[in-house]
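Q: Fold the following.
(chains A and B)
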Amino acid sequence: MSRVLELTDVETGYGEVQVLWGVTLSVEENKMTTLVGANGAGKTTTMRAIMGVVKPWKGTVRFLGEDVTQLTPHEKAQLGLVLVPEGRQLFADLSVAENLEMGAYSPRARNNLDANIKRVYELFPRLFERKKQKAGTLSGGEQQMLAVGRGLMADPVVLMIDELSLGLAPVLAQSLFGTLKRLKDEGLTILLVEQNVHLALALSDYAYVLAEGRVKIEGPSHQVARDDEVREAYLGV
Amino acid sequence: MIEIVSSILDGLLIGLVYGLASIGLTLIFGVMDVVNLAHGAVISLGMFSLYFFFGAGLHPYLALIPVAIIGFLLGVLIYQIAVRRILDGPPLMTLLATFAVSMIIVGIGTALWSTSPYNVNFKVQTLNIFGYTVTSARLIAALAAVLVTFMLYYFLYRTTLGKAVRAVSNNREAAELMGIPSQQILAISFGIGTALAMLSGALIATLFPFTILSGSIYELKSFVASVLGGLGNPTGALFGGVILGLIEGSVAPFIAISWTNVIEFVIFVLILLFFPTGLLGGRK
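A: As a prediction, the model looks like this:
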């Protein structure tokens, strides 16, 4: 088993406000890793620091053995480090098909565009039905499908997903998690941030519990899920 | 009567050229929220470029090609030097920076060419369309403006790079996350906007005499046209340009030419009062 993504003592924040106080974690190949924790614990900031949307103040981000800490987000995306951001962040005025095409903008993804688009439409037939429609006019569930589909178009080595189920009806969330499980079983490496702790821990292989900008506890997800102390102290469930 | 219709027709044709100028302005605003105050100076440069290419023996319409290329390169240069680093600063910063670029261009232009009028003299025919007369130069300028607009739309909607421009305009951060080098796309967009301004200047130079200061009039017209059509909306900008041209054409036979600006701006204020996002609706 190899570690495809490793963070060492990453510190960062916004302006004067420090959010992460030394986050160390790693993501293993073909596994689903999850980051859980209360609101404000630094989950989204960790994802943004990995991508370089927020520059790390200290610490390193290593991807496939290379130090990528200082690369820009688009350079990381071109290497295969892909984030499906919180709140979907679709290209609202572009059609569904154009959103998917833009997902495959990087040269390595463009080579597999045809195969990947077939796969995305097969995973989400709804997107195929609406491929000419503007992304901004889709329902919440369809938008989230498109956000994940666009991420897959980038041909990710690691797919990072920030808040998959946020704002979705439980049925829709369940079906999206089903798709995620299928992708994982097919061998995709996934890093998931999710407010629905039960689902996240049930699906993933390994979990990190974040609080106050630090990793408080880590372990195989089924163990973390059973740990009463963890549940009371950090997850509020 | 024929005279009035001819005047309106004239207005329509020149309006398409105004439209091209305002597309350049609105494209840059739409993609990066920058109001480019160097727009007018660049239009003037387009006029002078055409003048010098013509002077060097190039046919004025053939000269449009090198003018567009120079415009693109100049736009990329302006973006890299004056705009890139302050793009995420307060909006006033980009206004000041592009205004400074404008002062530099007009200053150098005045030093080199003074502010006296120049003229591109080439044979112009008068055409007769259903009994109404227009000059061939006007007709060709309008057709060129329409052709360039079509090319822009083809680029934005049919090519990967053009779609990336629209993606960056929609959501720059998401574009970065998908591997789109947003800085490169922004530079290209600024280049295209500048090329369109230079082209419109060159087309205007085939119609009227000009000075290094002439661009500022067309910059104002571009503002009015793009706000009429909804700022950030290229179709709207073309439409706004046509409205301006039609207004000019309809009033020209009746009152002194100096009144057209007054009338344009009164209509502009009225439309903004009743359609605050422009006639075709703009961004957000």
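Q: The strand or helix carrying A:R182 - what's its average pLDDT?
A: Secondary structure from DSSP states H and E places A:R182 in helix A:170-185. When pLDDT is averaged over helix A:170-185, the result is 93.
Q: Can you list the buried residues in it?
A: A:172-173, A:176-177, A:179-180, A:183-184 (16 or more other CB atoms under 10 Å in any protein chain shown). (Each C-beta comes from the backbone N, C-alpha and C, glycine too.)
Q: how would you label B:L13: helix, strand or coil?
A: Three-state call for B:L13 (DSSP: H, G, I helix; E, B strand; the rest coil): helix.
Q: residues in contact with it?
A: When contacts are counted by CB atoms under 8 Å, 6 or more residues apart in numbering or on different chains, B:L13 touches B:134, B:138-139, B:141-142, B:245.
Q: can you tell me which of the buried residues of helix A:170-185 lies nearest to A:G219?
A: For the buried residues of helix A:170-185, the closest approach to A:G219 (CB to CB) belongs to A:K184, at 18.5 Å.
Q: Quick check: the closest one touching A:T34?
A: No. Here A:K184 lies out of contact with A:T34, judged by CB atoms under 8 Å, at a distance of 11.2 Å.
Q: Show me the common contact partners of the two, please.
A: By CB under 8 Å, 6+ apart, the residues touching both A:K184 and A:T34 are A:L203.
Q: Could you list the low-pLDDT ranges of the chain?
A: With no chain named, the answer covers chain A. A:1, A:235-237 (pLDDT under 70).
Q: meant chain B actually
A: B:281-284.
Q: Could you list the contact residues of it toward chain A?
A: Applying CB under 8 Å from any CB of the partner chain, we find that chain B lies next to chain A at B:160, B:163-164, B:166-167, B:170-171, B:173-182.
Q: got the contact list for B:V76?
A: B:187-188, B:190-191.
Q: Among those, which ones are in helices?
A: Those of the contacts of B:V76 mapping onto helices are B:187-188, B:190-191, per DSSP state H.
Q: Same list, the residues you listed, but as TSV with neighbour count please.
A: Listed next are the ones in helices among the contacts of B:V76 as TSV, based on neighbours: other CB atoms under 10 Å in any protein chain shown:
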residue	neighbour count
B:A187	19
B:I188	21
B:F190	28
B:G191	22
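Q: Please compute how far stretch B:200-214 lies from its chain's middle.
A: 12 Å (CA atoms, centre = their mean, to the nearest Å).
Q: which phi and psi does the nearest residue to B:A144 once chain neighbours are set aside have?
A: Distances taken as CB to CB, 6 or more residues apart in numbering or on different chains place B:L203 nearest to B:A144, at 5.9 Å, with adjacent residues excluded. Main-chain dihedrals, B:L203, degrees, to the nearest 10: phi -70, psi -40.
Q: same question, A:M32
A: Backbone torsions of A:M32, given as degrees, to the nearest 10, read phi -110, psi 120.
Q: what sits opposite it in the beta ladder?
A: A:I190 (DSSP bridges).
Q: and it, what does it touch?
A: A:180, A:184, A:189-192, A:203-206.
Q: Strands along chain A, start to end?
A: Ranges of strands within chain A are A:3-14, A:17-28, A:32-36, A:58-63, A:66-67, A:81-84, A:158-162, A:189-193, A:206-211, A:214-220, based on DSSP state E.
Q: Out of the ones you listed, indicate the one that is most buried.
A: strand A:81-84 (a mean of 28; mean count of other CB atoms under 10 Å in any protein chain shown).
Q: and that one, which strands flank it?
A: Here, using DSSP bridges, strand A:81-84 pairs with strand A:158-162 (parallel).
Q: Of all the residues in chain B, which one is nearest chain A?
A: B:G179 (3.4 Å; CB to the nearest CB).
Q: Now do the same contact list for that residue.
A: Counted by CB under 8 Å, 6+ apart, B:G179 has contacts A:74, A:77-78, A:105-106, A:109, A:154.
Q: can you redo those residues as TSV with neighbour count and distance to chain B?
A: Compiled in TSV, these are given as follows (neighbours: other CB atoms under 10 Å in any protein chain shown; distance: CB to the nearest CB, whole Å):
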residue	neighbour count	distance to chain B
A:H74	23	5
A:A77	30	4
A:Q78	21	5
A:Y105	25	5
A:S106	22	3
A:A109	22	7
A:A154	28	6
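Q: And those, which two are furthest apart?
A: Comparing all pairs in those by CB to CB, the longest separation belongs to A:H74 and A:A109, at 11.9 Å.
Q: near chain B, which residues of chain A show up?
A: So far as CB under 8 Å from any CB goes, chain A lies against chain B at A:51, A:53, A:72-74, A:77-78, A:82-83, A:85, A:89-94, A:98, A:101-103, A:105-106, A:109, A:150, A:154.
Q: can you tell me which of those are in helices?
A: A:51, A:73-74, A:77-78, A:98, A:101-103, A:109, A:150.
Q: Before I go, just wanted to say thanks for your time.
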